[in-house]
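Trainee: Return atomic coordinates for the entry below.
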Amino acid sequence: MRRDVLTKNYPGLPRDVRVVIAPHDMDIPDPRMKALYTRWASDYATSKGLVSKDIIEAREFLPLLRNVVLLEIERPTPFEFDYIYRICGT
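Mentor: Residues are numbered from 1 along each chain as shown. Modelled structure (predicted):
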């Protein structure tokens, strides 16, 4: 997947939001998020596209729950999908 960086201004937020598509670990400044990303990326690579639901119980994941939105894709089609919010942090 190609790494893209998007920046967008949202009214009410103090600064622009930076979204990185297909990030590298160098894009993640928080060491806790970097640990989670490393775990997620290794699970993703070994499972050929799907991450085990066991990652939700991972030690790295628990302190980050309030900062995470986790979606489960129900019916993928090109550029359209249905999803369920499995975790929605504060």
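Trainee: Spell out the secondary structure type for residue 84.
Mentor: Here residue 84 is strand, with the state taken from DSSP: H, G, I helix; E, B strand; the rest coil.
Trainee: ok, and the closest non-adjacent residue to it?
Mentor: Excluding the flanking residues, the one nearest residue 84 by Cβ to Cβ, 6 or more residues apart in numbering is residue 72, at 4.8 Å. In short, each C-beta sits where N, CA and C put it, glycine included.
Trainee: what's the answer for residue 17, then?
Mentor: residue 8 (5.4 Å).
Trainee: what comes into contact with stretch 19-33?
Mentor: Stretch 19-33 is contacted from outside by 1-8, 34, 37-38, 41, 60, 63-64, 67, using Cβ atoms under 8 Å, 6 or more residues apart in numbering.
Trainee: ranges for the helices of this protein?
Mentor: 31-46 (DSSP state H).
Trainee: so where's it shaky on pLDDT?
Mentor: Counting by pLDDT under 70, the ranges of the chain that qualify are 1, 43-58, 60, 76-79.
Trainee: how about the strands in it?
Mentor: Ranges of strands within the chain are 4-8, 17-21, 69-73, 83-88, based on DSSP state E.
Trainee: Output those strands in TSV, with distance to residue 29 and mean neighbour count appended to each entry.
Mentor: Shown next, in TSV, are these (distance: least, Cβ to Cβ, whole Å; neighbours: other Cβ atoms under 10 Å):
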stretch	distance to residue 29	mean neighbour count
strand 4-8	14	10
strand 17-21	11	11
strand 69-73	19	12
strand 83-88	22	11
